[in-house]
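**Student:** Pasting the sequence and the predicted coordinates here, then a few questions.
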Amino acid sequence: MKVELRINGQNRAAEVEPRKTLLDALRDNFLLNGTHAGCEHGVCGACTVLLDGDPVRSCLMFAVQADGYEVTTIEGVAPAPGELSVIQDAFCETHGLQCGYCTPGMILAAHALLQRNVAPTREEIVEAISGNICRCTGYGQIIEAVQFAAQRLQKANTPRPTDVSVVEAK
Ligand code: FES
Ligand code: FES
């Protein structure tokens, strides 16, 4: 069957068997190997991608079910090739990754959280990543990374003094 998706801002299409998972299609057909295969039965969250902005387990979906949707994989979060997103950079700075196997899924779960809530509490961060298992058990640093990214995003959204004076002068 033909499946047509918008992946990381680009229209993509492939012929897939109806039984093929979105995870396998992303890795095999679209060569996006940043989406990791872990348990492959919906437990670990390593395969997390964003479907129209919401985190989903790509091992639990058939590729054909994602037809027409916007998919974001870890390859799509950086602003430009060779650069890191604010969240990726925060994970590096706080040592929020060890072996890195859970990291793409964790970052996409964090991305979805910070898209809708730029100032999450610790409890909200824990809740947002609760479906993602880190076998290296680095949860403390992962939570710290998301808090750090949230602080940076809040600062980025704060008007600079010059912006304020422009607004006040109007
Ligand atoms: S690989 Fe999909 S949840 Fe584990
Ligand atoms: S960093 Fe190794 S599984 Fe999370």
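**Tutor:** Nice, I can see it. Remember, it's a predicted structure, so these values are computed and weren't measured experimentally. Residues are numbered from 1 along each chain as shown. Ligands and ions are numbered 1, 2, ... in the order given.

**Student:** So what's the residue count around the spatially closest residue to E4 that is not a sequence neighbour?
**Tutor:** Closest residue to E4 apart from its sequence neighbours, by CB to CB, 6 or more residues apart in numbering: A13 at 4.6 Å. C-beta coordinates here come from the backbone N, C-alpha and C atoms, glycine included. Residues lying near A13 (other CB atoms under 10 Å) number 12.

**Student:** quick one: secondary structure of A13?
**Tutor:** Following DSSP: H, G, I helix; E, B strand; the rest coil, A13 is assigned to strand.

**Student:** The one 10 residues further on too?
**Tutor:** Following three-state DSSP, L23 is assigned to helix.

**Student:** before we move on, the earlier item: tell me how far the residue nearest to E4 lies from M61.
**Tutor:** A13 is 17 Å from M61, where distance means CB to CB, to the nearest Å.

**Student:** mind checking how far the residue positioned nearest the centre of the chain is from ligand 1?
**Tutor:** When CA atoms, centre = their mean is applied to the chain, the residue found nearest the centroid is L108 (1.5 Å). Noted for L108: a distance of 12 Å to ligand 1, by CB to the nearest ligand atom, to the nearest Å.

**Student:** Which helix runs longest in this protein?
**Tutor:** helix 139-157 (DSSP state H).

**Student:** Give me the packing partners of it, helices and strands only.
**Tutor:** Helices and strands touching helix 139-157, by 3 or more CB pairs under 8 Å, 6 or more residues apart in numbering; DSSP states H and E, are helix 86-93, helix 103-116, helix 122-128.

**Student:** per the record, what domains does the chain have?
**Tutor:** As given by automatic domain parsing, the domain ranges for the chain are 2-76, 86-157.

**Student:** want to throw those into CSV with mean pLDDT?
**Tutor:** Output for these, formatted as CSV (pLDDT from 0 to 100):
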stretch, mean pLDDT
domain 2-76, 98
domain 86-157, 96
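
**Student:** Would you mind saying which of these lies nearest ligand 2?
**Tutor:** Shortest separation from ligand 2 across those is recorded for domain 86-157, at 3.3 Å, computed as CB to the nearest ligand atom.

**Student:** Over to the nearest residue to N11 once chain neighbours are set aside. Which of the three states is it?
**Tutor:** Distances taken as CB to CB, 6+ apart place E4 nearest to N11, at 7.0 Å, with adjacent residues excluded. Of the three states, E4 takes strand under three-state DSSP.
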